[in-house]
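Novice: Kindly return the folded structure for what I paste below:
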Amino acid sequence: VVSVVVSFTGIRRSLRNASLFLTLCLTISVFWCGYGVVFILGGQGVLNDTGDFRDALVPGLVTFTLALLIIAGVGFLCREVILAMIASAVSLASAHEVATHYSTAFGSSAVACNYMVVCLVGGYFGLGRILYFLTKEKITLPGTELATKKTHEPIQPPSGGVNRFAVTGLILNILSASVFACRLLGVTGKLFIGQVPWLWAAGIYQIGICILSYRAMDALMATSFGFTSILKFAGGYCLLYPLWQPEEPSFPTPFPVVFSILFAVLALFLTVKSPVDGLYLLFYVAYCIALACCPKGFFEGGPQGVDVAIFVASALMALIHLYNVRASAKIPTGKGAVKALLARSSFLKLREGADLHAPYLGYSKYADAEVLGYACSVLASFAMTMTGDPQAPLATVVIPWVVVAGGILKLLGGSVAFARGKTLESSAFILYAVMWIIWGLTRYGGLYGTTRSFHAAVGIIAFMLFNGFIVFCTLFLNTAWFFYSLTFLLIAVSFLLDAIHVLPAGYDIAATLIFGLVSFYCFLSALFNSIFEGSCLPMGRPIVQLSGVGGGMTKCLHLPARKASSVKRIADILKNGGTCGIPTDTVYVLVAACNRPDAVEKAHQSKRQAQDRPMSLWISSLKQLEPAKHLISPLLWDFMEAAWPSPISLVVPRGEWVDFLGMKDSAKYVGTPQSVAIRIPDCSVTTHLIDLVGPIVVTSANPTGEADTTHHNQVYAKLGNKVDAVLCDGPSPENIASTVVDCTKIDSGNIGFFRVGIIPKSQVKLILILVSEL
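Specialist: Okay, the predicted model is just below:
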C-alpha cells in the first residue's frame, strides 16, 4: 500500500521539474513492493529451506543498494541534499541487510539506524512542506523548497527530448538482471519461486514506465521498455516451474531469434536519437541470442553471463541519464552526432518539429504506440510456431510470449491508439490482444480438451466474424492494414482447426509465419515513418477510396498557421468562393467570405445547419462597422468596444447596418430575420485573415449536434471534402466555445444569454455595468 502511494507521489511530481524526486519515489516504491511480497511468501511458508529467505531477498537488496547510491550521488552533486540523504540512508540499510544474511557479525541495529535517519530526514521534509503550505509560502525550511522549482519546459516535449522516466526503467533492468547474475556469481544458491516477486514487480512497473514514456513523447524508449518487460515476466514464469513439473522448462528457438532481430532494429533507430542508448540495447540483442542458444534459457550460464553485463551497463546508463537530466554540464552521449551525419544525406531526412507526434484525430497526451503493437504481433506469432506437447503443455515456455507480448502489451498499444483518435486500429489491436490471451492460455495452458472443443470453436468463429468486419473497414484505410487484418484470419482459422482437432500438419506454422512477416513489415514501416520523412516503407493507399473518406484526404489543403503565406493562401481560397476550417481563440470553425453568397450557401449546406443555430458574423475591428455607426445605439457601440476582442458573441438587432458589410444575398443564411450574432475574435491569425478577406460568416467546424472541433485534424475528419482547406494550429487553446450574449434589449439595460461558454455571466455583466456608468 505504501509503495503504491509513493509511486503515485512521484508520478504527480513528474509534472514539474523534479526528476530526482520522481526517480527516488519510483525506485523505493518498486523496492518495497518486491520486498513486501518476499516477506509474505516467507510468512506463508513458501521459503522453507535453509537459505531460501536470503536467496530471495539478496538480489533485490543488491540492486537497490546500487541504484539508491547512484541517486544519492547525483543528489549531492546537484545539491538536492534532503533527497540524497534519504537515498543514501536506504542504500546503506540495504547494504547492511545483505551483510547480515552472510555474516553473524553484522546485527540488525545498523539497518535500524539507517532507517531511523530516513524517518528523521523524512519528518523534517514533511514538516517543511506543511509549514510551506500553512504559511502560504512565507516559511520554507532549507532543502524543502521542491515545489517552487517549476520547469518552463513543456510537460510533453514535442520531439521526445526529455524522458524523466527512463532512469527508473533502467533501474528495473538492473533488478531483473541481478536475479540471474547473482546466481551465476554464486551470491545466491539457486533460482526459485522466492525471486519471482522481484522479476514480476519489475515487469509490472516496467509496463507503467512504458506508458509514462509514451506520455513523455518518447516512443522509442517506451518500445524498448515494453520489450524488456516481456523478458521480466518470462523470467518470473520460468521460476514457477516446480508448481507444475519437476524439470526446468525449455525455450522455443524461433522466438528468441526473432526477438533479437526486433531489438537490433530498434537499437539501430534509437541510435539516431542517442548512440549510447542504441549501443545499450545491443546487450539485449546478445541476451536473446544467448537464450536461443541455450535450451534451458534463463537457467544456463550463457544468458546469466549476459545478465551480468546488463547489470553493469544498466547501472552506467542510469547514472548518465539521471545526471544529464539534473545537471547543467552533460555527460557526452553522442546525441546529435547521427543527426548531423543524416543532415548531409539527400535520401533520409529526419522528422522534427512540433508536428512530430501530432495525433490523427484531436489532441493526445501520448506518442504513437503502433510500433510496439506490430512488434508484439511478430513476437506472439513466432512463439506460436511451437506446437507444444499435449501431455505437458507447460514444458515449453510459450505462455509469457503470447499472453504478455500478444495480449497485455497489445492492449496497451490499442489503448494508446484510441487516445490518438485511431478508432479502427485500436479496435483491431484490442480484439487481437484478447484473442492472443484467450488462445495462448487455453492451448498452451492445457485448459481445453475434447469436451470443450465445440465451445472453443464457437468463440473462435465469433472472433473471426469481428475480424471480418475489421478486414472490410481496412479497405478504406491502407494496403498494409488490409493484409495485416486479413492474414490474422489465417491465424484464427488455425485456432479453429486446432480446436476441432482437424489441423493439417504445417498449416499453423505457415499461417503464423505469414502473419509474422506482414507484422514485421508494418513494424519496420511504422518505425521508419516515426523517425524519417518520406515513404521509403509506405503503408500504402486505401484499396477502396470514397469521396470524403480516407482517399480524398489529399484534396483538402492542410496549411500551417504559423506561416503568413499560409494565411494569405487561405484568404485567396475564401475570396474565390471556398470554405475553410480555421483556428480561433476557442475551437476550430468553418468560415466563408461574406461577399461570396455561393460560399456561404456551401458552408450552410455542409453543416446541415439547424434553423435554431444560425451562422454568425465576424469582423476584425470596429472600423469595419464605422460607416454604419449611426445605425447602432450608443450603448451597444460602447459595449462592443469594451467587450471585444474576446470570445464573446453579441446577438444584436438586425438592421440596415448589415448592408454596409457587403453581405448581399449571403444575408439570408446569417442570423435570424430579427437578429445577427457578431464577434471580434481574440486571435491574431483569425483577425489577420479577416483583414485580408473582409467580414466572414462563421459556424462551428462539425456537423450539427456533434461535439466542438478541438484540433485541425478533426476538421477534415468530420466534414470531409465539404471543406476546401484547413489552417492548422494543433490543439485548440480552449475546449469550450464562446459565450453568446443577447443584446437585443440592451438599451433598456437588460441582456440575456443564449449560451454560457468560456466567459462567465458575471464577467459579461460587469462589462455592461462599467459601460453604463461611463
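Novice: Which secondary structure state is assigned to the residue of the chain positioned farthest from its centre?
Specialist: In the chain, counting by C-alpha atoms, centre = their mean, residue 630 sits farthest out from the average C-alpha position, at 56.1 Å. Using DSSP: H, G, I helix; E, B strand; the rest coil, the structure places residue 630 in helix.
Novice: Same question for residue 330.
Specialist: Per three-state DSSP, residue 330 ends up coil.
Novice: can you count the residues close to it?
Specialist: Number of residues near residue 330 (other C-beta atoms under 10 Å) recorded here: 11. Quick note: C-beta positions are derived from backbone N, CA and C, even for glycine.
Novice: hmm, back to that, look up how far residue 637 lies from the residue farthest from the centre of the chain.
Specialist: According to C-beta to C-beta, to the nearest Å, residue 630 stands 10 Å off from residue 637.
Novice: ok, now residue 368?
Specialist: In terms of C-beta to C-beta, residue 368 sits 51 Å off from residue 637.
Novice: Could you check which of the two is surrounded by more residues?
Specialist: residue 368 (26 against 15).
Novice: Do me a favour and get the end-to-end distance for stretch 466-482?
Specialist: 14 Å (C-alpha to C-alpha, to the nearest Å).
Novice: give the contact list for the residue lying closest to residue 589 once chain neighbours are set aside.
Specialist: Leaving out its chain neighbours, the residue that sits closest to residue 589 by C-beta to C-beta, 6 or more residues apart in numbering is residue 698, at 5.0 Å. Residues near residue 698 by C-beta atoms under 8 Å, 6 or more residues apart in numbering: 589, 590, 591, 615, 616, 617, 618, 679.
Novice: Pick out whichever of those sits closest to residue 537.
Specialist: Distance ranking of those against residue 537, using C-beta to C-beta, places residue 590 first at 35.8 Å.
Novice: Please identify the helix or strand for that closest one.
Specialist: strand 589-593 (DSSP states H and E).
Novice: How about residue 676?
Specialist: strand 675-679.
Novice: Please name the residues that touch residue 496.
Specialist: So residue 496 contacts 457, 460, 461, 464 (C-beta under 8 Å, 6+ apart).
Novice: Pull out the buried members of these.
Specialist: Buried members of those, scored by 16 or more other C-beta atoms under 10 Å, are 457, 460, 464.
Novice: Just give the closest residue to the second one, not the sequence neighbours.
Specialist: I take that to be residue 460. residue 496 (4.6 Å).
Novice: Which helix or which strand is home to the one you found?
Specialist: Residue 496 belongs to helix 479-499, assigned by DSSP H and E.
Novice: before we move on, what about residue 652?
Specialist: strand 648-653.
Novice: What helices and strands are in contact with that strand?
Specialist: Packing contacts for strand 648-653, counted by 3 or more C-beta pairs under 8 Å, 6 or more residues apart in numbering; DSSP states H and E, involve helix 634-643, strand 675-679, strand 739-742.
Novice: So which elements touch the longest one?
Specialist: Pointing back at helix 634-643 there. Counting by 3+ C-beta pairs under 8 Å, 6+ apart, helix 634-643 packs on strand 648-653, helix 761-773.
Novice: Pick the most deeply packed of those.
Specialist: strand 648-653 (a mean of 23; mean count of other C-beta atoms under 10 Å).
Novice: So what touches that one?
Specialist: 616, 632, 636, 639-640, 643, 671, 674-679, 738-744, 754, 759, 764.
Novice: on that earlier part again, for the strand holding residue 676, packing partners?
Specialist: strand 616-618, strand 648-653.
Novice: the inter-axis angle of the strand holding residue 652 versus strand 675-679?
Specialist: Using axes from the mean of the first three to the mean of the last three C-alpha atoms, to 10 degrees, the inter-axis angle of strand 648-653 relative to strand 675-679 is 150 degrees.
Novice: pLDDT score assigned to the residue farthest from the centre of the chain?
Specialist: With respect to pLDDT, residue 630 scores 86.
Novice: Likewise for residue 277?
Specialist: For residue 277, pLDDT reads 92.
Novice: What of residue 336?
Specialist: Listed pLDDT for residue 336 reads 74.
Novice: That one - how many residues pack around it?
Specialist: Count around residue 336 with other C-beta under 10 Å applied: 12.
Novice: I'd guessed residue 764 sits against residue 743; true?
Specialist: No: using C-beta atoms under 8 Å, residue 764 makes no contact with residue 743, being 10.1 Å away.
Novice: Okay, angle between whichever helix or strand residue 605 is part of and strand 589-593 too, please.
Specialist: Taking DSSP H and E as the criterion, residue 605 maps to helix 597-607. Computed by the same axes, to 10 degrees, the angle separating helix 597-607 from strand 589-593 equals 160 degrees.
Novice: Give me the mean pLDDT for helix 597-607.
Specialist: Helix 597-607 comes out at a mean pLDDT of 82.
Novice: Restricting to C-alpha, output that helix in PDB.
Specialist: Taking C-alpha atoms only, helix 597-607 is exported to PDB below (Å, rounded to 0.1, in the frame of the first residue of the first chain):
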ATOM      1  CA  PRO A 597     -23.100  34.000 -51.300                       C
ATOM      2  CA  ASP A 598     -22.100  30.700 -53.100                       C
ATOM      3  CA  ALA A 599     -19.500  30.000 -50.400                       C
ATOM      4  CA  VAL A 600     -21.900  30.900 -47.600                       C
ATOM      5  CA  GLU A 601     -24.500  28.600 -49.000                       C
ATOM      6  CA  LYS A 602     -22.000  25.900 -49.300                       C
ATOM      7  CA  ALA A 603     -20.900  26.200 -45.700                       C
ATOM      8  CA  HIS A 604     -24.600  26.200 -44.700                       C
ATOM      9  CA  GLN A 605     -25.300  23.000 -46.600                       C
ATOM     10  CA  SER A 606     -22.100  21.300 -45.500                       C
ATOM     11  CA  LYS A 607     -23.100  21.800 -41.900                       C
END
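Novice: what's the strand or helix carrying residue 208 packed up against?
Specialist: Per DSSP H and E, residue 208 falls inside helix 196-215. Contacts defined by 3+ C-beta pairs under 8 Å, 6+ apart place helix 196-215 against helix 2-13, helix 19-43, helix 52-77, helix 166-184, helix 219-239, helix 409-419.
Novice: Would you indicate which residues of the lowest-mean-pLDDT helix or strand in the chain are buried?
Specialist: Every helix and strand of the chain was ranked by mean pLDDT, DSSP states H and E. The lowest is helix 337-343, at a mean of 75. Within helix 337-343, the residues that qualify as buried are residue 338, counting by 16+ other C-beta under 10 Å.
Novice: swap in stretch 512-528?
Specialist: So stretch 512-528, judged by 16+ other C-beta under 10 Å, has buried residues 512-516, 518-528.
Novice: Retrieve the pLDDT associated with the residue sitting nearest the centre point of the chain.
Specialist: With distances taken as C-alpha atoms, centre = their mean, the residue of the chain nearest its centroid is residue 366 (2.5 Å). pLDDT recorded at residue 366 is 82.
Novice: Give me the pLDDT value at the nearest residue to it once chain neighbours are set aside.
Specialist: Leaving aside its chain neighbours, residue 366 sits nearest to residue 214 (4.3 Å; criterion: C-beta to C-beta, 6+ apart). What the model reports as pLDDT for residue 214 is 90.
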